[in-house]
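*Asks:* need coordinates for the below:
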Amino acid sequence: MTLLVGLHCVFHRALDGDQERLARLATLVVDPRWLYRFKLINVWHTPQRPAVPVFKGTVPAAKLRQSVTEAITSTSSQHVLFGVSRSKQDTLDTARFGIDLGRPLTMDVALPFEACSTWHVPADASDEATKVWLDLQHEIVELVGALNGVVIVTTNADIVAIETSLVSRTLNGRPLHPDPGEISSYGIHRRKLGEDYIRVPRWGTYLKPAHVAAVGGRDKIVSVVKPPVVRDVGELLYVQLSERVSDALAPETEARRRAFADLVAPITAPRVNA
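*Replies:* As a prediction, this is how the structure comes out:
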C-alpha cells in the first residue's frame, strides 16, 4: 500500500518583494529533506507582464538553486510549481510543491494565498522519512506565516490532489472526493479561510492562537482529542493524530479525527450541499 501525504496551508503575508523570505524559501525548495530532487518548474505568470522565466524540460542539478531563485524572484511569477516524477511512464508525481508569491492576477485578488505539497512516502523507513519531511513542511508553514493548514494522508492520488488544490474532480460525472460538499465550502468561503473559518481537521492540523482559544484552548484540545503529537510551529499549534504515518489510516486515528472535527465544528467553514 503506497501512502501519499499532502500539505495545504493558507496565508496573507505576501512573499513578493521580501528578499529575505524569498531566499529562505529557495533554500527550502532545494532542501535534501524532500528526499527527491525537483526537476521540473512551472510558472503561472501575472497578466500584462513578460512571461518570463519559462523552464523547458528538466532542470540540471547544478542549476537547480539558480533556477529556483529565478522562478520565485521574477516579478512576473505569480505561482510557482516544483515537481519530480519517478519515471516518464509514471503519471503520479513523486513530489511537488506549489506556492503563491503574492503577485496578484487581478487588483481584486481574493486572499488568502496558498502553499501546498504532495509527497510519496517511501516504502522503506516510511515513518522516519515522513518525520523528516514533516519538519521541512513545518518550516515552510512558519516561513509563509500560515493561518491554518492541514496534512493529509491517503492512498489515493486523486484525493491528495483535491485536498491540496481544493479543486473538485469527477469521473464519469461522479465526484472523486467522498465529501465534495466540504471541498466546495472552501471555495465559497475562501476569503474567510484562515481567519473566521478553518478546514476540517486531517491527520495533521495547524491552528492559530485565535482558533485554539475559540474551541476552549490547548488543554481542551488535548483532553478531547488525545493526540499523540502536539507542538508549536511558530505561532501555530500543530496537532497530529498518530505518532507514525503508518498508523494514519488506523481506526483509532480516525476516531481522534472525528472527535477533533466535532470540537472545532463552530469555526469550520460552513457546509454546502453538493
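
*Asks:* from here on, contacts and neighbour counts on C-alpha atoms
*Replies:* Fine.

*Asks:* so where's this protein shaky on pLDDT?
*Replies:* 86-93, 104-110, 273-274 (pLDDT under 70).

*Asks:* buried set for the helix ranked longest in it?
*Replies:* Ranked by residue count, the top helix of the chain under DSSP state H comes out as helix 126-144. Neighbour counts over helix 126-144 (16 or more other CA atoms under 10 Å) mark 127, 129-130, 133-134, 136-141, 143-144 as buried.

*Asks:* how about stretch 168-177?
*Replies:* Neighbour-count burial for stretch 168-177, counted by 16+ other CA under 10 Å, picks out 168, 176-177.

*Asks:* closest to Arg257 among the residues you listed?
*Replies:* His177 (17.5 Å; CA to CA).

*Asks:* so the closest one sits against Arg169, correct?
*Replies:* Yes - in this structure His177 lies within contact range of Arg169 using CA atoms under 8 Å: 7.3 Å.

*Asks:* residues shared between the contacts of the two?
*Replies:* The contact sets of His177 and Arg169 overlap at 158, 162 (CA atoms under 8 Å, 6 or more residues apart in numbering).

*Asks:* next, Val121: phi, psi?
*Replies:* With angles defined as degrees, to the nearest 10, Val121 sits at phi -70, psi 120.

*Asks:* ranges for the strands of the stretch 151-274 of the chain?
*Replies:* Assigned by DSSP state E, counting those that start in this stretch, the strands in the stretch 151-274 of the chain fall at 170-171, 174-175, 204-207, 229-233, 236-240.

*Asks:* quick one: these as JSON lines, columns for distance to Leu193 too.
*Replies:* Shown next, in JSON lines, are these (distance: least, CA to CA, whole Å):
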{"stretch": "strand 170-171", "distance to Leu193": "24"}
{"stretch": "strand 174-175", "distance to Leu193": "23"}
{"stretch": "strand 204-207", "distance to Leu193": "12"}
{"stretch": "strand 229-233", "distance to Leu193": "19"}
{"stretch": "strand 236-240", "distance to Leu193": "15"}
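
*Asks:* to Ala115, which of these lies closest?
*Replies:* strand 204-207 (13.3 Å).

*Asks:* mind listing what that closest one pairs with, with the direction of each?
*Replies:* Taking DSSP bridges as the criterion, strand 204-207 forms sheet pairs with strand 146-154 (antiparallel), strand 236-240 (antiparallel).

*Asks:* measure Val132 to Trp203 for me?
*Replies:* Relative to Trp203, Val132 is positioned 16 Å away (CA to CA, to the nearest Å).

*Asks:* can you tell me which of the strands of the stretch 151-274 of the chain is most buried?
*Replies:* Ranked by mean neighbour count, the strands of the stretch 151-274 of the chain are led by strand 204-207 with a mean of 26 (mean count of other CA atoms under 10 Å).

*Asks:* I'd like to check what contacts that one. Which residues are they?
*Replies:* When contacts are defined by CA under 8 Å, 6+ apart, strand 204-207 is touched by residues 147-152, 236-241.

*Asks:* got the CA positions of that strand in CSV?
*Replies:* Output of strand 204-207 as CSV, limited to C-alpha atoms (Å, rounded to 0.1, in the frame of the first residue of the first chain):
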residue,chain,number,x,y,z
GLY,A,204,-2.1,16.9,10.9
THR,A,205,-3.8,20.3,11.6
TYR,A,206,-2.3,23.8,12.2
LEU,A,207,-4.3,26.3,14.2
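
*Asks:* now that strand: how far from the chain's centre is it?
*Replies:* The chain centre lies 11 Å from the centre of strand 204-207; the measure is CA atoms, centre = their mean, to the nearest Å.

*Asks:* please renumber the chain so that the first residue is 15 from this point on.
*Replies:* Okay, residue one is now 15; in that scheme the one you just asked about reads as strand 218-221.

*Asks:* quick one: end-to-end length of stretch 81-95, please.
*Replies:* Using CA to CA, the two ends of stretch 81-95 sit 12 Å apart.

*Asks:* same deal with stretch 73-84?
*Replies:* 12 Å.

*Asks:* and what of stretch 182-190?
*Replies:* One end of stretch 182-190 sits 8 Å from the other (CA to CA).

*Asks:* residues near the residue lying closest to Arg79 once chain neighbours are set aside, how many?
*Replies:* What sits nearest to Arg79 in space, not counting adjacent residues and going by CA to CA, 6 or more residues apart in numbering, is Val44, at 6.5 Å. Residues lying near Val44 (other CA atoms under 10 Å) number 17.
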